[in-house]
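>>> Coordinates for the following, if possible.
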Amino acid sequence: MLSALQDTPAQDLGRTEFFTGENGLWLPPQSSTTAHEIDFVWNFILWSSTILTVGVAIGIVYLAWKYRRRSQADRPAPVKESPVLELTWSIIPTILVLIVFFLGFRAYVSTSIPPTDAYEVAVKGQSWFWTFEYPDGTVLQNELVVPAGQPIKLVMTSQDVLHSFFVPEFRIKHDVVPNRYSFVWFNAPEEGVYQVVCTEYCGLDHSNMGAEIRVVGRDEFYTFLQTGGGDVNLPPAELGAQLYTSRNCNTCHSIDGSPGTGPSWLGIWGEPRPGSESGVVDDNYVRQSIVNPNAYIVEGYPGAMPAYDFLSDTEIRGLTAYMRQINGAATAADTSLVPVDVAADSTAATPDVPAGAETEE
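Numbers count the residues shown, from 1 in each chain. Just a heads-up that it's a prediction; the model follows:
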């Protein structure tokens, strides 16, 4: 991942501020421009419900005490209808419901309809990670890098089952549904790191399906797009080691021989693979298994791996070099510096690129 972004100071997610009352009871900091609207609805419902609950409870206790049976001879008085009282307890709740509807609808519209200058990012949820694709073709997994102060529109869909995209500090939450697009937007004015969680149960590793949103300065975001989200100079094997975790290869494939959802990478290089072009695990076999995983399904494992055909040639070479390295088959080229692919013409997709900003040759 872009080394410059690793130096961005992580913002405190505000868990210690839940009980301070600064943003309302139990609420984390407001880190987007629309968070205050959601908090206002929350606080209105919370305090109006609290006042009504306490008032009703006090009334029940008072009336139960006042009209308690004092002796065996006591008889209840006849109940008289009170149109005024009945209208009161009908009209006041109706007004409260209408107020909540109006406030909620206004907040829903403000978070659902993005500004016309919003920067669009495609989001794909799948078991059990998030993929973010930028307009220039840059693809990241479990990390979204955006510029501070820029409206960001997320166009979301799911590759498999129902997921839900939730960022507590931004107060945005939306279901991510297969075979359709859903939309949400945010504008984070301050730099920081914010957690994304899936809030719709989606299987075995649902609780681990998280991502980070890194809000950075505009100059830093421009550099990020220019480098395609990767380090400019890395040996292939070192790049592959980074991709092994950043692309979630470690979710299914171990490097120590331990069993997983997919075969371990340790001891795999050069193994026989009947049906493949060369009959063994080599560069071509690895590449084909990445871009079209169902072409060669290893016996004893389910064909559950999604296609990673969005990876660049450099990234695939890096993963292949890393696989050779952990199997003791690394070549001199695997540990030498090579340039990582740089996204072409990324300035066209950059929101508000600083005037005069240029990349170094």
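>>> State the three-state secondary structure for residue 145.
strand (DSSP: H, G, I helix; E, B strand; the rest coil).
>>> Tell me the bridge partners for the spatially closest residue to it that is not a sequence neighbour.
Nearest non-adjacent residue to residue 145, counting by Cβ to Cβ, 6 or more residues apart in numbering: residue 214, 4.8 Å away. Where C-beta positions appear, they are placed from N, C-alpha and C, glycine not excepted. Beta-bridge pairing of residue 214 under DSSP bridges involves residue 145, residue 193.
>>> burial count for residue 214?
23 (other Cβ atoms under 10 Å).
>>> per-domain residue ranges of this structure.
As given by automatic domain parsing, the domain ranges for the chain are 17-62+83-112, 119-226, 233-339.
>>> so of the ones you listed, which one's packed in deepest?
domain 119-226 (a mean of 19; mean count of other Cβ atoms under 10 Å).
>>> first to last residue in that one, what's the distance?
Start-to-end span of domain 119-226 (Cα to Cα, to the nearest Å) is 16 Å.
>>> could I get the domains of the chain as TSV with mean pLDDT and distance to residue 74?
Listed next are the domains of the chain as TSV, based on pLDDT from 0 to 100; distance: least, Cβ to Cβ, whole Å:
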stretch	mean pLDDT	distance to residue 74
domain 17-62+83-112	83	18
domain 119-226	87	55
domain 233-339	78	72
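>>> so which of those comes closest to residue 68?
Nearest to residue 68 among the domains of the chain is domain 17-62+83-112 (10.9 Å), distances taken as Cβ to Cβ.
>>> In three-state terms, how would residue 317 be classified?
Going by three-state DSSP: residue 317 is helix.
>>> Residue 237 is in contact with that one, correct?
No - using Cβ atoms under 8 Å, residue 317 makes no contact with residue 237, being 9.9 Å away.
>>> Show me the strands in the stretch 1-150 of the chain, by range?
119-126, 129-133, 139-141, 143-147 (DSSP state E, counting those that start in this stretch).
>>> quick one, which of those strands is nearest to residue 248?
Closest to residue 248 of the strands of the stretch 1-150 of the chain is strand 129-133 (Cβ to Cβ; 4.8 Å).
>>> Provide the strand pairings for the closest one, with the direction of each partner.
Partners of strand 129-133 in the sheet, by DSSP bridges, are strand 119-126 (antiparallel), strand 139-141 (antiparallel).
>>> Pick out the residue closest to the middle of this structure.
residue 196 (3.6 Å; Cα atoms, centre = their mean).
>>> and the gap between that one and residue 325?
Per Cβ to Cβ, to the nearest Å, residue 196 is found 32 Å from residue 325.
>>> One more: residue 97?
64 Å.
>>> list the helices and strands whichever strand or helix holds residue 320 packs on?
Per DSSP states H and E, residue 320 falls inside helix 313-326. With contacts defined as 3 or more Cβ pairs under 8 Å, 6 or more residues apart in numbering; DSSP states H and E, the packing partners of helix 313-326 are helix 236-246, helix 283-291.
>>> what's the angle from that helix to helix 283-291?
Between helix 313-326 and helix 283-291, the angle comes out at 120 degrees (axes from the mean of the first three to the mean of the last three Cα atoms, to 10 degrees).
>>> Next, report how far helix 313-326 is displaced from the centre of its chain.
Centroid separation between helix 313-326 and its chain, computed with Cα atoms, centre = their mean, to the nearest Å, is 27 Å.
>>> tilt between that helix and helix 236-246?
Using the same axes, to 10 degrees, helix 313-326 lies at 100 degrees relative to helix 236-246.
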